[in-house]
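S.K.: how does the following fold in three dimensions:
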Amino acid sequence: MQFLWPQMLWLLLAVPLLAAAYLYLIARRKKAALLYASLALPRAALGPGQRLRRHIPPLLFLFALTAALLACARPSATVTLPADTVTLVLAMDTSRSMEATDVPPTRIGAAQQAARDLVVGLPARVRLGIVSFAATATVVLPPTDNRQDMLDALDRFQLQRGTATGSGLFQALAVLFPDDGIDLEAILFGSVSGRSGRGTSLDEAAAADAARKREQEREAAQPGSYPHGAVILLSDGRRTTGPDPMEAARMAAQRGVRVYTVGFGSPQGSAAESSLSYYMQLDEPALRAVASMTGGEYFHAGSAADLSQVYRQLSARFALERRETEVSALFSAASVLLLVAACGLSLLWFRR
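M.R.: Residues are numbered from 1 along each chain as shown. This next block holds a predicted model:
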């Protein structure tokens with residue numbers, strides 16, 4: 001637990017002072033009792049059990065005062081609460097390697113079915129956008145809360161050659177932040193012109209420079225601090241084209257967006273196309289690095305059941321979220337209840 005106004009905790013020194021004053025008054029009353037010829041008379045007047053009862057209301061009052069003083073210091077704690085509206089972007093690999101049959105019926109078929117299970121289990125507050133990536137990335141569905149549109153979009157995947165993991169992640173961020181002007185073409189032109197020597201038009205170069213300048217001037221957030229959205233990136237192979245996914249991960253980390261990466265299929269790849277077996281092997285180090293940089297988590301799913309389980313875990317995380325919340329009201333309420341109890345017992349037992 002933390003306190004927003006910790007200097008107010010000095011007021012807690014009043015509690016032991018009041019307790020000492022109460023004990024001092026009790027001691028003085030005991031001296032006054034010695035004036036009686038016999039102590040049996042005042043003890044009989046108090047009655048059995050009254051000697052203990054008379055201390056309960058003052059004790060409750062001290063607890064009430066302590067709770068009130070703690071509330072003045074504005075305590076905050078990390079609590080689990082229902083999540084606000086959250087936007088998820090599912091970036092799914094639709095390269096030709098998803099035709100492999102090491103996960104029956106095929107990798108793409110199993111991935112689509114697991115994604116349908118994800119859609120069905122999504123909390124009501126969660127909106128979902130879908131991006132597919134192969135040689136380039138395409139927005140299949142902008143963020144929506146319409147479950148039927150999500151299910152229909154999953155049936156529109158078309159497999160293509162190439163695996164541009166970085167493009168998929170960049171496009172997912174563009175969907176998550178539509179007002180930030182994240183331009184995948186500008187990013188691609190900026191990265192391609194430096195490697196292949198191919199020229200770009202003045203407009204394209206200016207757009208790429210403007211995008212880079214905006215990113216450089218952006219104030220970096222703490223990785224994983226963005227509470228309103230996240231990216232789930234699923235891939236079954238290695239990057240063969242497009243920008244480095246670590247560049248996209250840095251952009252996500254700068255915005256505080258968590259990227260949960262899922263490696264799908266067998267790490268050894270599939271024997272279906274031996275000439276492409278290397279590219280059909282999972283690049284787990286890259287996926288782990290992307291998740292680590294952004295404050296997300298990496299999952300490996302070797303089967304359709306594993307993938308469904310991963311999606312269920314993620315869906316549960318987005319239904320509830322842990323966040324730092326001020327709990328001064330709870331301490332104030334506890335103080336009021338204790339004070340009412342102290343006054344009520346005093347009136348009930350002692351008529352004062």
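S.K.: and the helix or strand Thr66 falls within, what's buried?
M.R.: Assessed by DSSP states H and E, Thr66 sits inside helix 56-72. Buried residues in helix 56-72, defined by neighbour count with 16 or more other C-beta atoms under 10 Å: 57-58, 60-72. Backbone N, C-alpha and C define where each C-beta goes, glycine included.
S.K.: for it, name the packing helices and strands.
M.R.: helix 14-33, helix 328-350 (3 or more C-beta pairs under 8 Å, 6 or more residues apart in numbering; DSSP states H and E).
S.K.: helix or strand: which one has Ala77?
M.R.: Counting by DSSP H and E, Ala77 is part of strand 75-82.
S.K.: which residues does the next helix or strand after that strand contact?
M.R.: Counting by DSSP H and E, the element after strand 75-82 in chain order, helix or strand, is strand 86-93. For strand 86-93, contacts defined as C-beta atoms under 8 Å, 6 or more residues apart in numbering pick out 111, 115, 118, 122, 125-134, 137, 143, 157, 163, 165, 168-169, 171-173, 175-176, 227-237, 264, 318.
S.K.: which neighbouring elements make contact with whatever helix or strand Leu173 lives in?
M.R.: Leu173 belongs to helix 165-176 when assigned by DSSP H and E. Applying 3+ C-beta pairs under 8 Å, 6+ apart, one finds that helix 165-176 makes contact with strand 86-93, strand 126-133, strand 137-144, helix 184-196, strand 229-235, helix 245-254.
S.K.: skip the chain neighbours and tell me the closest residue to Leu122.
M.R.: Closest residue in space to Leu122, ignoring its immediate chain neighbours: Ser315 at 5.9 Å, by C-beta to C-beta, 6 or more residues apart in numbering.
S.K.: if we can go back for a sec, could you dump the helix holding Leu173 to CSV, C-alpha only?
M.R.: Output of helix 165-176 as CSV, limited to C-alpha atoms (Å, rounded to 0.1, in the frame of the first residue of the first chain):
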residue,chain,number,x,y,z
THR,A,165,6.1,-10.1,-38.8
GLY,A,166,7.2,-6.5,-38.4
SER,A,167,4.7,-5.3,-40.9
GLY,A,168,1.9,-7.2,-39.0
LEU,A,169,2.9,-5.5,-35.7
PHE,A,170,3.2,-2.1,-37.2
GLN,A,171,-0.2,-2.5,-38.8
ALA,A,172,-1.7,-3.6,-35.5
LEU,A,173,-0.4,-0.5,-33.8
ALA,A,174,-1.9,1.6,-36.6
VAL,A,175,-5.2,0.0,-35.9
LEU,A,176,-4.9,0.5,-32.2
